[in-house]
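Trainee: heads up, no residue letters with this:
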């Protein structure tokens, strides 16, 4: 891990002569090493507590089989995904995403908006044959949530601008506004699944100082939307909404900031737009306890993508 490597290279933990590796550890130290490894402490952290060197502690632990399980939460693995626009989602892409989640095994999934299109609630011109299908959207969305919950039960849900169509529709029909059965938490059984809900009207949510929001900015080129969000909100974060993907990194005397524009899970042939400049895919990130993070965007081209040397898709 980056965090552990950076600590090992620090001058505070300079390498010790080989003779320390042969020194005996007291019973209390042995118990302490075992307990700290069970708490997912790194070797440099244990060495600092015991006033030993990281290399010495590591070699002793390895020699005596004091280990922790791989991927045991020295960092948190998360997946960011958005803009399914059910029922206009790409079904093949969705199956690929399920396959990827089973392989990646994230600790959290952030659904950052527009899971549903809410087509019949739109004020734009609509295909009359598609009206009255809102229940179909809800049924498909609940099936998707069931499968995502099976693969990773820790999910957070962001309302996007398309889900916000429901709120706007209810405000135009005040006799229905305020009914809890018509709120997203009820329609998608979020509370029953223990899925946290974030309103479209809420400011970006901070996770390990990383801001998350569906977004309301769309710029012309890939990465320009990320720049617009960074200028608007500051810091580091990710949004959906534009369907393009991209990143913007800025460094100054105060440090560096990065913002990412996530891709989409919908089809690339919408009825209302000719050959849109969209990109399918999602993003993953690793967060350490000390707020260091690494984010990777995973573009899916013609239902195929590579991740860490493995090819997904046919």
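Mentor: Happy to help now that I have it. What you see is a predicted model; the values in this text were computed from it and never measured.

Trainee: From here on, just use CA atoms for contacts and neighbour counts.
Mentor: Fine.

Trainee: how about the strands in the stretch 151-300 of the chain?
Mentor: Applying DSSP state E, counting those that start in this stretch to the stretch 151-300 of the chain gives strands spanning 155-158, 196-198, 205-207, 210-213, 236-239, 246-252, 255-261, 280-288, 293-300.

Trainee: okay, these, which one's buried deepest?
Mentor: strand 236-239 (a mean of 24; mean count of other C-alpha atoms under 10 Å).

Trainee: chain center to it: distance?
Mentor: 10 Å (C-alpha atoms, centre = their mean, to the nearest Å).

Trainee: Give me the contact list for that strand.
Mentor: 112, 209-215, 226, 229-230, 257-262 (C-alpha atoms under 8 Å, 6 or more residues apart in numbering).

Trainee: List the strands paired with it, with their directions.
Mentor: Strand pairing for strand 236-239, using DSSP bridges, gives strand 210-213 (parallel), strand 255-261 (parallel).

Trainee: if we can go back for a sec, with mean pLDDT added, can I get the strands of the stretch 151-300 of the chain in JSON lines?
Mentor: Shown next, in JSON lines, are the strands of the stretch 151-300 of the chain (pLDDT from 0 to 100):
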{"stretch": "strand 155-158", "mean pLDDT": "98"}
{"stretch": "strand 196-198", "mean pLDDT": "97"}
{"stretch": "strand 205-207", "mean pLDDT": "93"}
{"stretch": "strand 210-213", "mean pLDDT": "97"}
{"stretch": "strand 236-239", "mean pLDDT": "97"}
{"stretch": "strand 246-252", "mean pLDDT": "94"}
{"stretch": "strand 255-261", "mean pLDDT": "94"}
{"stretch": "strand 280-288", "mean pLDDT": "96"}
{"stretch": "strand 293-300", "mean pLDDT": "97"}
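
Trainee: Reformat the ones you listed as a markdown table; add distance to residue 64.
Mentor: Shown next, in a markdown table, are the strands of the stretch 151-300 of the chain (distance: least, C-alpha to C-alpha, whole Å):
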| stretch | distance to residue 64 |
| --- | --- |
| strand 155-158 | 38 |
| strand 196-198 | 42 |
| strand 205-207 | 37 |
| strand 210-213 | 39 |
| strand 236-239 | 42 |
| strand 246-252 | 44 |
| strand 255-261 | 42 |
| strand 280-288 | 27 |
| strand 293-300 | 32 |
